[in-house]
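**Q** Show me the folded form of this:
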Amino acid sequence: MKILLVNPPIPATWYNDEYYLPSSLLYLSAVLRENGDQVKILDMKALKPDVSVNHQKFYENALIDKISHFQPEIIGFGCLFSGNFPDVLRFSILCKQSFENIPIVAGGIHFTIYAREILANCLSIDWITLGEAEHSITQLVNTIKSNRYELDKVDGFVYRTNGKIVVNPKKSYIENIDDIPFPEYDLVNLEDYYLDTSRWHNPKQLPINTSIPIITSRSCPNRCSFCSMYMVMGPRWRARSPQNVLDEIEYVYDTYNHRHFSFMDDNLTLKKSRILEICNLIKKRKLNIQFETPNGLNLNALDEEVLDALVSAGLVRTYLAIESGSDFIRNKVMRKSLSREKIFEIVHLTKKYKQLFVNAFFIIGMPEETKETLAETYKMIQQIDVDKIQLQHIVPFPGTDVYDQALRDNLLVGIEPENLYKSDDLYFKNRNRFFIKPYKLDLEELHEFRAKCETLIAGQRADRIRPQEACSA
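**A** Model prediction:
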């Protein structure tokens, strides 16, 4: 079958115009090609419309042109996060108006959470895959190719029949993810993803151009109260073998002469022996690379041996997922199981590596937040010595415990739960917005604390600023 996979553009309201290759679509393309199908990718994030043109019309024309020339039998939309949903919906309507007989399937975390609501209200979308979709998409394609249309047998799949919405629960996840073929890099032009990286942290002074995402494991066994990723990747952590990971990195290294990578795992260092072997293989294969860990590292899984291995293999930028300076908020509320002593131990260890740029994640505004817990976070930000603090507001993503709690106790602010399936409210223009009113704090108090922290962070940043420290994607 001929299948077109579409990645929507960066939303106009998004604050960051950097982007990665669409890993999910590249993986789906790989399994579909292995299945004998013909695949093309339209990644609108990589298109660069002139400032003088109407961007909405530009993307619409690009989509119509691609469909007209390729004439796919299925159109698949990726929706990595909810901020992309309005564009996906708009493009699906356009597709149905112009090519009404081509079925449209969509997937991603937003579609996984809101599958039933979306199919009930968005008639331009025919099918939805739930969670990890490599097996589901091939099952779907094969039942169509056979003319059986046995949609009830597609795992993790939502569809309409006789006016009713049917949900096939996600029952199986890929156990041996080494069996998944590498992303089909040849379906995109790497140069379309090149950015101005002149201010990126680059201690080795290697060519960067862009950062290639590498996913070495799926899911995370932890259940932090604010995270919903397990809904997509399943309840169990599943890892690729070190050899398989290095084969992909070496392929990109040799084929594209590429030297910069981003490990996108939710829990990269969970198994110590495995991460040590990955680092050893990077050095054994003499790969002169730099890499970063944008999704953060679990401090409990770090020690001097692991940090030594990571940095010697090429780690140059990392995030430490601290989240709160309050032991109560961090451990009882967020369920991080991370001691204050461990935080300072790891931060102190990072000082050993002059080439390592260290960021720290903090989150404020949990329902149980108080003046006292905020003061503890402020004090920790004062005390820890890292290169950059990322202070974020808690976002009650549907599917998380904190969302259920806020909904139950009427703590949500400016959110209409019944409309979240079609909303991007949780993603845009939110740097000065809180979505939860804590039990014992007013929103004004949260804003005042945010302003106080920003003054502190700005002062710290001015004291320690380094050249070429700008963030990557």
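
**Q** Could you break this structure into its assigned domains?
**A** 2-168, 194-464 (automatic domain parsing).

**Q** Please compute how far the longest one lies from its chain's middle.
**A** Relative to the centre of its chain, domain 194-464 is centred 11 Å away, using CA atoms, centre = their mean, to the nearest Å.

**Q** Secondary structure element holding residue 42?
**A** If you go by DSSP states H and E, residue 42 is part of strand 38-43.

**Q** now the angle from the helix or strand following that strand to strand 38-43?
**A** Downstream of strand 38-43, the first helix or strand assigned by DSSP H and E is helix 55-70. Counting by axes from the mean of the first three to the mean of the last three CA atoms, to 10 degrees, helix 55-70 lies at 170 degrees to strand 38-43.

**Q** Give me the nearest residue to residue 25, chain neighbours excluded.
**A** In this structure, residue 25 finds its nearest non-sequential neighbour in residue 5, 4.5 Å apart by CB to CB, 6 or more residues apart in numbering. The way it works is simple: take the backbone N, C-alpha and C, and place the C-beta from them, glycine included.

**Q** ugh, wrong one, I meant residue 452
**A** Closest to residue 452 by CB to CB, 6+ apart is residue 378, at 7.0 Å.

**Q** these two touch, right, residue 270 and residue 237?
**A** Yes: at 5.8 Å, residue 270 counts as touching residue 237 under the criterion of CB atoms under 8 Å.

**Q** Let me see the confidence value for residue 267.
**A** Residue 267 carries a pLDDT score of 94 in this model.

**Q** Tell me how many other residues crowd it.
**A** Residues within reach of residue 267, counting by other CB atoms under 10 Å, total 21.

**Q** swap in the one 5 residues further on?
**A** By other CB under 10 Å, 14 other residues sit near residue 272.

**Q** what about the closest residue to residue 218 other than its chain neighbours, how many residues close to it?
**A** Closest residue in space to residue 218, ignoring its immediate chain neighbours: residue 233 at 4.6 Å, by CB to CB, 6+ apart. Using other CB under 10 Å, residue 233 has 19 neighbouring residues.

**Q** mind listing what residue 233 touches?
**A** 131, 132, 173, 218, 219, 220, 266 (CB atoms under 8 Å, 6 or more residues apart in numbering).

**Q** circling back: please identify which of the domains of the chain is closest to residue 183.
**A** domain 2-168 (3.3 Å; CB to CB).

**Q** so how far is the closest one from its chain's centroid?
**A** Counting by CA atoms, centre = their mean, domain 2-168 comes out at 17 Å from the chain centroid.

**Q** Could you save the domains of the chain as a markdown table and add columns showing distance to residue 183?
**A** As requested, the domains of the chain are exported to a markdown table (distance: least, CB to CB, whole Å):
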| stretch | distance to residue 183 |
| --- | --- |
| domain 2-168 | 3 |
| domain 194-464 | 8 |
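
**Q** Go through these and name the closest to residue 181.
**A** Using CB to CB, the domains of the chain put domain 2-168 closest to residue 181, at 4.0 Å.

**Q** Show the average pLDDT along the closest one.
**A** So the average pLDDT for domain 2-168 ends up being 94.

**Q** Same question for stretch 375-386.
**A** 96.

**Q** Give me the contact list for that stretch.
**A** Counting by CB under 8 Å, 6+ apart, 320, 322, 324-327, 329, 340, 343-344, 347, 350-351, 358-360, 362, 364, 389, 391, 449, 452-453, 456-457, 460, 464 sit against stretch 375-386.

**Q** again, 10 Å this time
**A** With contact meaning CB atoms under 10 Å, 6 or more residues apart in numbering, stretch 375-386 is reached by 318-320, 322-330, 340, 343-344, 346-348, 350-351, 357-360, 362-364, 369-370, 389, 391, 449, 452-453, 456-457, 460, 464.

**Q** ok, back up a step: next one: phi and psi at the residue nearest to residue 452?
**A** phi -60, psi -40 (degrees, to the nearest 10).

**Q** ok, now the one 5 residues further on?
**A** Listed backbone geometry of residue 383 is phi -90, psi -40, with angles given as degrees, to the nearest 10.

**Q** if we can go back for a sec, just the ones in helices from the contacts of residue 233, please.
**A** Among these, DSSP state H puts none in helices.
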